Every structure is written in structure tokens, then in C-alpha cells.
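Peer 1: My questions concern the predicted model and sequence given below.
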Amino acid sequence: MTAIKHALQRDIFTPNDERLLGIVNVCKAGKKKKNCFLCATVTTERPVQVKVVKVKKSDKGDFYKRQQTWELRDLTEVDAKDASKENPEFDLHFEKVYRWVASSTAEKNSFISCIWKLNQRYLRKKVEFVNVSSQLLEESVPSGESQSVAGGDEDALDEYQELSTREEQDIESMMVTCEYAISNAEAFAEKLFKELQVLDGANIQSIMASEKQVNILMQLLDEALGEVDTIEGKLSSYEEMLQSVKEQMDQISQSNRLIQISNTNNGKLLDEIQFLVNYMDLSKGHIRALQEGDLTSPKGIEACINASEALLQCMNVALRPGHEKLMAVNQQQLLFAELRDTFARRLTNHLNNVFVHQFNHFSHFKMTIPQFYRSSCLSLPGHDQSSTLSQHTAELTLPKHSPLHRDLLRYAKLMEWLKNTHREKYEGLSRTYVEYMSKLYEREIKEFFEVAKIKMAGTSKDPKGKFGLHGSSGKLTGSTSSLNKLTVQGSNSRRSQSSSLLDMGNMSASDLDVADRTKFDKIFEQVLSELEPLCLAEQDFISKFFKLQQHLTVAPPLAQPEAEDFDGSLPSKKPPQAEHKHSLSSEKDIVRLMMNKIFQSIETELNSLIALGDKIDSFHSLYMLVKMSHHVWTAENVDPASYLSTTLGNVLVTVKRNFDKCISNQIRQMEEFKISKKSKVGILPFVTGFEEFAELAETIFRNAERRGDLDKAYVKLIRAVFMNVEKVANESQKTPRDVVMMENFHHIFSTLSRLKISCLDAERREAKHKYTDHLQSYVINSLGQPLEKLNHFFEGVEARVAQGVREEEVSYQLAFNKQELRKVIKEYPGKEVKKGLDNLYKKVDKHLCEEESLLQVVWHSMQDEFIRQYKHFEDLIGRCYPGSGITMEFTIQDMLEYFSSIAQSH
């Protein structure tokens with residue numbers, strides 16, 4: 001390997017000013033072994049460039065050539081494959097991975113060590129060495145120390161120093177004077193040795209001559225030591241003097257520190273006293289306001305609010321450690337607790353009195369008119385209730401409680417103080433308010449709904465008294481019985497108790513009494529419009545007065561204080577401690593719970609009103625669905641979790657059920673419909689009923705939020721109409737099936753085309769298709785009668801042709817020869833055809849109804865079909881009886897005149 005290394009250095013690297021530092025004999029892994037050498041080289045010129053060169057022996061001669069070169073700075077990773085076992089394989093990661101197998105593990109390790117040292121010395125680049133033993137790698141290359149590289153050449157590189165110019169000149173002059181040094185090295189070395197001895201002797205003599213100067217130097221050093229001793233003595237005296245001064249200064253510093261500590265303590269004590277005085281001292285004015293302040297006047301309430309806030313601030317002050325041990329602090333805390341309890345008791349009693357006074361005031365004021373109104377109604381038999389209502393209740397309105405809310409909101413801040421300081425009294429006031437207001441609202445709401453029911457009943461005059469006002473849970477017995485008597489004595493009825501598609505089909509627009517339905521719609525809208533602001537105002541007041549806007553987890557003020565059993569039994573009292581077991585997640589739930597208690601009768605009354613409206617006219621459910629949906633949508637936009645939104649949503653479910661029930665009833669009545677066997681069918685009642693229902697629904701649901709419910713109902717109804725039209729057509733004996741289908745589906749198609757109901761586009765196209773098919777079927781079946789024998793003859797001709805008889809040979813058939821054809825044609829002269837068509841027109845006229853006006857349409861279709869058959873007969877004559885000269889007794893022009901004259905004559 002050494003000989004190869006010298007040969008490579010001489011032949012390849014020296015001409016390129018490069019030095020070979022490491023070499024390894026390798027071959028590529030996994031391929032046919034072709035040996036080559038990887039060489040690590042550096043350039044002799046600066047800056048030094050480090051390279052890895054692949055050298056391969058030439059196949060033709062005994063010389064080496066450079067095959068590939070990589071810069072060492074392009075090397076990213078060296079993978080030795082295994083650090084613990086001997087393995088000759090290794091990888092070099094340049095622009096790609098090169099896999100090599102060394103001739104021996106020792107050569108591989110020597111080459112990897114050389115790469116490591118060159119990288120650390122010249123490039124200062126941390127190439128990643130993977131699976132390499134730590135013994136081969138060094139953390140750093142110390143400067144000035146020689147590093148061992150493969151073959152010892154790295155030592156020579158480290159020790160090599162370039163000669164200076166002067167050294168080169170000296171060596172050249174010496175070599176000139178001793179020319180024989182090249183030929184006789186021993187003589188040259190002997191001469192140099194002798195000259196060295198002469199120089200050593202001269203150096204010794206020079207040293208001995210300088211002894212006197214050395215003695216003088218030693219004497220000067222002794223004098224300097226004496227001076228140093230003198231200076232040290234003076235420094236010691238100075239140090240003793242400074243030590244006494246230090247002790248005095250320490251005493252002064254200690255005194256100053258004690259004075260500073262005293263001042264600091266005095267300042268802290270002053271701060272503590274100032275803190276207690278500022279935060280735990282309540283003025284006499286505040287104490288007087290808490291003990292005997294006026295809770296009725298605005299000034300007194302303002303003084304009480306300021307005093308309560310000051311008291312709360314004093315009670316909530318964060319005491320510092322040790323304050324609770326001070327007697328003065330304890331006395332102040334006892335005083336604050338006494339003032340808190342006293343003022344809480346005064347405030348609770350006052351607000352309880354306010355609640356009772358306001359409740360009695362509103363109850364007395366609102367009971368006057370309704371009681372008088374009811375007595376007037378019951379004392380005047382036969383008197384028109386609508387006129388009584390107009391005399392005593394001009395408008396259907398609920399009383400406003402804004403004055404009560406305005407008076408109580410003055411105490412809102414005091415309620416907040418009570419909530420933060422005395423939770424039991426706060427909850428007691430909440431229960432008291434809910435108890436009184438629930439009674440007040442229950443009375444007002446019942447009277448309000450009673451008037452609404454009376455007004456609503458005035459929209460329908462039923463002589464038989466089939467419906468009565470049964471109100472909420474049958475409690476309005478007095479007025480409802482009177483109402484039933486009054487309605488019995490009213491005018492004649494204009495419609496039955498509950499409308500249906502069949503009823504609508506038998507009534508005119510005036511009979512439907514659209515004004516009554518519009519009046520009902522206004523009454524129902526007025527009821528919802530009155531309830532909505534009432535509930536919102538009360539909920540807003542509760543939130544503000546009881547300070548329930550924040551989201552905190554607290555015990556509700558009325559956690560089932562009086563819970564009604566589901567069977568309607570009397571309320572049962574629960575122990576107070578049970579109230580605190582029901583904690584709600586937010587104060588919005590508390591507000592909703594209070595609202596449920598206060599307005600517990602609204603949902604019941606609304607359901608009762610809805611039941612009454614549905615009993616008066618089932619189509620009222622359409623109006624109620626639209627109105628209720630709109631109000632639910634409005635309430636959810638304001639607050640989806642509010643009491644109003646929840647209650648109206650529950651009632652909307654009931655309205656939707658009534659609407660679905662109305663649709664189901666219409667479908668059931670269609671299925672139960674029976675036709676008369678003696679009269680023609682015409683347009684079925686439920687078909688015209690669907691038309692008027694759709695017109696009404698489109699008017700009501702214009703721009704409504706619940707359009708999807710109507711679309712579903714449309715689909716159910718129209719499918720039922722289709723099915724029952726076909727059922728009636730199959731059962732019809734007087735009128736042909738095709739006529740029933742044609743007329744009714746034409747009417748349905750016209751209705752859907754006019755109303756343009758997008759969800760019924762498929763049904764509209766289906767109705768048109770059915771109408772067209774049955775029109776064509778009726779025309780074809782009817783036209784077979786006036787030329788019956790001629791039709792049978794040509795059907796036989798077509799049958800023979802279909803059996804394989806050639807068309808020109810049909811005339812040779814005994815039953816279909818020319819004489820038979822002439823005989824059949826003579827039976828149908830022009831007069832007979834016209835007579836037959838006239839009879840056909842009269843029959844069609846009897847079949848068709850006048851409502852749809854389809855006679856001319858059917859007659860024109862028959863004309864077209866007759867002409868088509870005529871041309872078909874002539875074509876058969878021309879093909880099966882060629883050259884016979886046989887023609888019909890009448891022409892197409894004659895037929896057109898027949899059809900026209902018959903239509904004009906009728």
C-alpha cells in the first residue's frame with residue numbers, strides 16, 4: 001500500500017500541487033468487484049482545498065488515472081454501518097449515496113479517521129458520522145499539535161514550516177563555502193561540529209565576564225528589599241488607625257439603622273390606622289339612613305342606597321392579617337352586622353307592603369269593569385253580546401303594569417344589596433312577588449281571554465249552538481252558558497261548525513264569510529300582540545329588579561316553593577331546605593322559572609282559545625299557524641331561551657297538530673264521499689274545495705315563515721284528490737269514466753297553473769297528462785259509434801294483413817271483397833253520417849258539465865280524430881283495393897261542414 005501511495009503522489013497529485021493524506025482500497029457494494037482507490041487530498045496552495053478523489057488503474061497499462069473528484073465540503077454524512085463489529089462496508093453521502101466495501105476494516109477506519117480530522121481542521125464543518133466508534137472521532141483538533149493521519153504524512157504536514165528569506169540566504173552561503181558537503185557529508189558534519197564548539201566556548205567566556213555586573217544587580221536588590229520593609233511598617237500603622245475609624249463608623253451605622261426601623265414601623269402603624277379609619281368607619285348620616293331612613297321618598301331611597309353601598313363596602317373590606325384580633329375591629333364588625341340585619345328587615349317589610357298595596361290597587365281597579373260587564377251580559381237575555389262588548393270593552397287589551405314596575409325599580413339597587421348580604425330575605429321577597437303577581441296576572445289573563453272568546457264567538461252565528469265557550473279547564477261556566485243562549489237566539493247560520501273541502505265545494509264565496517275569518521285573524525293577532533309585550537316587559541322588570549342579568553350559579557329564589565301536582569290537585573308546601581337543593585346553571589333559568597310561575601295560566605288559556613277557534617272553523621288553524629309561527633320567530637330572535645319563546649313554541653306545537661288534523665279530516669271526507677247514481681258527476685266537490693282551499697292558503701301564507709308545512713299539506717291533499725277522483729270515476733255509472741277523469745283533472749290543471757304553487761309542479765304536469773290521455777281515450781271510444789260497421793270492416797282488413805295476407809290480395813277474401821266494401825260504404829251516406837254525428841254531439845253534451853266548458857274542446861278533438869280515421873280508411877282502400885274506384889260517400893270538406901253546422905245549431 002505504501003508503494004501505491006508513493007506512486008499515486010508522484011504520478012497524479014504532485015503535478016496538480018496536491019498532497020495525498022489518506023487512501024483506502026475499495027470496490028462498489030453489490031456489484032462485480034472492480035477495485036479502485038479513494039484518496040483524501042489537500043492542495044499545497046492557500047486557501048487549502050480538501051478533496052476526495054476516486055483513482056482507478058488503467059486497463060491498458062500499468063498507470064493510474066483520476067476518475068471522479070468530490071469536494072469534502074459537499075459531504076453530508078459518513079455511515080460506517082456498524083460501530084461495534086468489524087465491517088468493511090461504509091457509505092459516503094454526497095449529492096447521492098455512494099456505497100463502498102473496503103479491502104479491510106483497518107483501512108476503512110484509517111480513512112474515516114483521516115476524513116474526520118481533515119473536516120475538523122480545514123472545513124470546521126460538522127459532518128454527521130453515523131455508526132462510527134468514538135475512538136476514531138475527536139471533538140476538536142488542538143492548534144500547534146501534530147495530528148496523525150494515515151501513513152504519517154499528516155505529521156509531516158503539521159511540522160512543516162516554510163523557510164524565511166534570510167534562512168534561505170544563510171543556507172545558500174553556507175552551501176557555497178562548503179561545496180563538498182554534497183559529495184562528503186561526513187566532512188561537512190565534522191566541520192559544523194567544530195564551529196559549534198568554538199561558539200560554545202565564546203558563550204562561556206561572555207558569561208564569566210558579566211559577573212561584576214551581576215554583583216552590582218544583587219546589591220541593588222538588597223537595597224530594594226530594605227525599602228519594602230519600611231513601607232510595610234508604615235502601612236501597618238495606617239491600618240491600625242483605619243480600624244479605630246471603622247469601629248466608630250459601625251456604631252454610627254447601627255444607630256442609623258435602628259432609627260430607620262423605628263420610622264418604618266411608625267409609618268406602617270400609621271398606614272394600618274389610616275386603612276381601618278378609611279374602610280371601616282361608617283358616617284353617622286349613613287347609620288341614621290340605615291336605621292330610620294325614609295323608603296318612600298326619592299331622596300330617602302337615594303340616601304338608603306348610598307348608605308347600604310357604604311355598609312357593604314365596609315363589610316367586604318379585605319382585612320389584613322392580625323386585624324381580626326383588634327377589639328375595635330370586632331366592635332365595628334358587630335355594628336355592621338346589626339345595621340345590616342336592621343336595614344334588611346326594614347327593607348323586606350316595606351317591599352312586602354308595597355307588593356300587597358300594588359296588588360290590591362290593580363285588583364280593585366281591574367275587577368270593576370269585567371264584573372259589571374259579566375253581570376250585564378247575564379242579566380239581559382237575548383241581548384247581542386257583540387254590542388255589549390263594544391259598550392264595556394272598546395278594545396281587547398291587557399292592563400299595563402309599567403307604573404308598578406316604575407315604582408319598584410327605584411328599589412333595584414337595594415334589592416341587589418339584599419341579594420349580596422341577606423340571601424334568605426331576598427329569596428323571600430322573590431317568592432312573595434311571584435305569589436302576588438301570579439294571582440294578579442291569572443285574573444287579568446282569564447278575563448282577557450274570556451273577552452277574546454266572546455269576540456271570537458261573535459264571528460260565527462250558529463243557530464244550533466254546536467259549540468260553546470269552555471275556556472280554560474271549564475272555569476268560565478257562567479259566561480259560556482249565557483253565550484250559548486245568546487248564540488242560539490242569533491241570526492240564521494251562514495256555515496256549519498267546521499268547514500271542509502266538501503263544504504267549500506258546495507258554497508259560494510259569500511257563504512264562506514271571509515269577513516268572519518278575517519275578523520278571527522285580527523282577534524287572534526290582537527291576543528298575541530297583547531301577550532308579547534306584557535311578557536317581555538315583565539321579564540325585563542324581573543331581570544332588572546332582582547338583578548338576574550349576570551351568569552352565576554346560585555340557588556333559585558323559588559325552587560319549587562309551591563309546586564302544583566300534574567293531576568291539578570292543590571299546591572303542597574315543601575320544607576325551606578328543599579328549595580336550596582335545586583341549583584340552576586345560570587340566572588336566565590331563574591328568570592324563566594319565575595316567569596313560568598307568574599304566567600302559569602297563559603299556555604292553558606292559549607290552548608283553550610286555539611281549541612275554540614278550531615271548533616268554530618277548522619280552517620282557522622291556517623291563520624293561527626301563520627300568526628303563531630311569526631310570533632315564535634320574533635321571540636326567538638330576541639331571546640331563544642326566554643319564557644315567551646318557550647311558551648309560544650309549545651303552543652305552536654298544538655297549532656301544528658290542529659293544522660295536521662284539519663288536513664287529515666279533509667282527506668278522510670274525500671275518502672268517504674259518495675256520488676249520486678242518478679245524476680252526472682261533473683266537477684267533484686272536493687276538487688273545487690281544494691281550489692278554494694289553495695286560494696285561501698296562498699292568501700294566508702303569503703311571506704309566511706312556515707311555508708314548508710303548507711307545502712307538505714298541499715302534497716298530501718293533492719295526492720288524496722288524485723286518488724279519490726280515480727275512485728269516483730271507477731264507481732260512476734251515469735257518467736263515463738273518461739269524462740270524470742278528463743273534467744276533474746282539467747280543473748285541477750287549470751287551478752295549479754293559475755296559482756303557480758311551486759311544490760306542486762310535478763302534480764300539475766301529471767294532471768295535464770291525465771287530462772290529455774282521458775280526453776283522447778273518450779274521443780276514440782265515442783267516434784267508434786257513428787261509423788261502427790265501417791270500423792269493424794276495416795279492422796278485419798287490418799287483421800288479415802297482420803296475419804300475412806298481401807294487401808292487394810285482401811279483395812279476394814270472401815268477407816272482404818269489393819262487393820262487401822261497397823255494401824258497407826253505402827250504409828253510410830252523408831246524411832247518415834251527419835245524423836250520427838248530431839246524435840254523438842247530443843250524447844257528449846249530456847256527459848259533460850257546464851262548469852268546465854270542455855264541449856267545444858272535445859268536439860274539435862273528435863273532428864280531428866274523425867278526419868284522421870277517414871284518411872286512414874281511404875289509405876286502406878287505395879292499398880288493398882287498387883284501381884277499384886271505390887270511394888267514401890262523403891268527403892273531408894263535407895265532414896268539416898257537418899261538424900261546423902252541428903256545433904252552430906246547438
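Peer 2: Nice, I can see it.

Peer 1: which ones are touching Arg410?
Peer 2: Contact analysis of Arg410 by Cβ atoms under 8 Å, 6 or more residues apart in numbering lists Pro298, Ile301. Any C-beta I mention is one placed from the backbone N, CA and C, and that applies to glycine too.

Peer 1: Check what pLDDT it gets.
Peer 2: pLDDT for Arg410: 90.

Peer 1: Ile305 versus that one, what's the distance?
Peer 2: For Arg410, the distance to Ile305 equals 9 Å [Cβ to Cβ, to the nearest Å].

Peer 1: Check Ser210 too.
Peer 2: On the measure of Cβ to Cβ, Ser210 and Ile305 end up 109 Å apart.

Peer 1: same check, this time on Arg517
Peer 2: Arg517 is 55 Å from Ile305, by Cβ to Cβ.

Peer 1: likewise Glu532?
Peer 2: Applying Cβ to Cβ, the value for Glu532 to Ile305 is 33 Å.

Peer 1: More neighbours: which of these two?
Peer 2: Legend: neighbour count by other Cβ atoms under 10 Å for Glu532 and Ile305, higher for Ile305 (19 against 16).

Peer 1: Quick check: that one touching Lys413?
Peer 2: Yes - with contact defined as Cβ atoms under 8 Å, Ile305 counts as touching Lys413 (4.9 Å).

Peer 1: Please identify the buried residues of stretch 758-769?
Peer 2: Across stretch 758-769, burial judged by 16 or more other Cβ atoms under 10 Å covers Leu760, Glu763, Arg764, Glu766, Ala767, Lys768.

Peer 1: tell me the domain boundaries of this structure?
Peer 2: 1-136, 284-372, 673-784, 786-904 (the TED database).

Peer 1: Need the mean per-residue confidence for the third one.
Peer 2: Yep, that's domain 673-784 we're talking about. For domain 673-784, mean pLDDT is 84.

Peer 1: do the same with the shortest one
Peer 2: Taken as a whole, domain 284-372 has an average pLDDT of 81.

Peer 1: tell me the contacts of Glu798?
Peer 2: For Glu798, the contact set (Cβ under 8 Å, 6+ apart) comprises Leu876.

Peer 1: quick one: which helix or strand includes it?
Peer 2: Secondary structure from DSSP states H and E places Glu798 in helix 788-802.

Peer 1: Can I get that helix in CSV, CA atoms only?
Peer 2: Output of helix 788-802 as CSV, limited to C-alpha atoms (Å, rounded to 0.1, in the frame of the first residue of the first chain):
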residue,chain,number,x,y,z
GLU,A,788,-119.5,1.3,-36.4
LYS,A,789,-119.8,-1.2,-39.3
LEU,A,790,-117.2,0.6,-41.4
ASN,A,791,-114.8,0.4,-38.4
HIS,A,792,-115.4,-3.3,-38.0
PHE,A,793,-114.9,-3.9,-41.7
PHE,A,794,-111.5,-2.2,-41.8
GLU,A,795,-110.4,-3.7,-38.5
GLY,A,796,-111.0,-7.1,-40.2
VAL,A,797,-108.9,-5.9,-43.2
GLU,A,798,-106.1,-4.9,-41.0
ALA,A,799,-106.3,-8.3,-39.1
ARG,A,800,-105.9,-10.2,-42.5
VAL,A,801,-102.9,-8.1,-43.4
ALA,A,802,-101.4,-8.7,-40.0
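
Peer 1: in that helix, what counts as buried?
Peer 2: Leu790, Asn791, Phe793, Phe794, Val797, Arg800, Val801.

Peer 1: before we move on, what about stretch 884-895?
Peer 2: Using 16+ other Cβ under 10 Å as the test for burial, stretch 884-895 gives Met888, Phe890, Met895.

Peer 1: Can you tell me what sits against that stretch?
Peer 2: With contacts defined as Cβ under 8 Å, 6+ apart, stretch 884-895 is touched by 811, 818, 821-822, 825-826, 828-830, 833, 863, 866-867, 870-871, 873-874, 877, 898.

Peer 1: do that again at 10 Å, thanks
Peer 2: Stretch 884-895 is contacted by residues 787, 790, 811, 818, 821-822, 825-834, 837, 863, 866-867, 870-871, 873-874, 877-878, 897-898 when judged by Cβ atoms under 10 Å, 6 or more residues apart in numbering.
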